[in-house]
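Colleague: no sequence for this one, just the structure:
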């Protein structure tokens, strides 16, 4: 049985992460036409390599499959709206991506290097050094990526593009970006100021919405938890 408090906390963290990275989805990537004009040295990529595309506050990841093809996990709201493969196979635009994150719908799909990079620089296998983990053989990495192609639930915290590539390359889904964000949240929660702000917001919500149980409980419970954590 799922814990409703844990589910609510997870949902809140995901929304905060989405807001903190909103510039990535709206302005961090270049336009589709501009992205397609850039030329990449695909001859330097090996099948099974992890390709990294830096954004404003985020990094997008994929697995190179060879022949100018990249497998990557990307949110796409069209997957929930249509079964027309002709429409869903088009390059995922920023609007489709944002709504896909909110709707928690995504797919592991194959795009060209140009469409995957969306006009940004590409780096190869930087996770090997930062994670200090032993990578699987490149061919096994590529086969693992190909085996996961298709629609999948999406979560900024628990199932994003970084989880996908680390599962393929190291055998375990890890997302340092999500972990780093959660550490920031912990620091905020442990701050005594958070208690005061939360208490004031809780009091304001009670005054604005009345003394209903659904306003009183959060207004009392959340400041108490922050006080104990601080």
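Modeller: Received it, and whenever you're ready, just let me know what you need. As the structure is a computational prediction, the values presented were derived from the model and not from experiment.
Colleague: all strands of this protein, in order?
Modeller: For the chain, the strands defined by DSSP state E occupy 50-54, 59-66, 69-75, 105-112, 123-124, 150-153.
Colleague: among these, which is nearest residue 168?
Modeller: For residue 168, the closest of the strands of the chain is strand 59-66, at 5.4 Å, according to CB to CB. Backbone N, C-alpha and C define where each C-beta goes, glycine included.
Colleague: run through this protein and note the low-pLDDT ranges.
Modeller: Along the chain, the parts satisfying pLDDT under 70 run over 1-37, 56-57, 178-230.
Colleague: returning to what we had before: may I see the strands of the chain organised as JSON lines, with mean neighbour count added?
Modeller: Output for these, formatted as JSON lines (neighbours: other CB atoms under 10 Å):
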{"stretch": "strand 50-54", "mean neighbour count": "21"}
{"stretch": "strand 59-66", "mean neighbour count": "23"}
{"stretch": "strand 69-75", "mean neighbour count": "23"}
{"stretch": "strand 105-112", "mean neighbour count": "20"}
{"stretch": "strand 123-124", "mean neighbour count": "14"}
{"stretch": "strand 150-153", "mean neighbour count": "12"}
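Colleague: nearest to residue 81, out of those strands?
Modeller: Closest to residue 81 of the strands of the chain is strand 105-112 (CB to CB; 9.2 Å).
Colleague: can you list the strands that the closest one pairs with?
Modeller: Applying DSSP bridges, strand 105-112 is found paired with strand 69-75 (antiparallel), strand 150-153 (antiparallel).
Colleague: if we compare the strands of the chain, which one ends up closest to residue 140?
Modeller: That would be, of the strands of the chain and by CB to CB, strand 59-66, which comes in at 11.1 Å.
Colleague: in this structure residue 144 contacts residue 167, no?
Modeller: Yes - contact criterion CB atoms under 8 Å: residue 144 and residue 167 qualify, at 7.3 Å.
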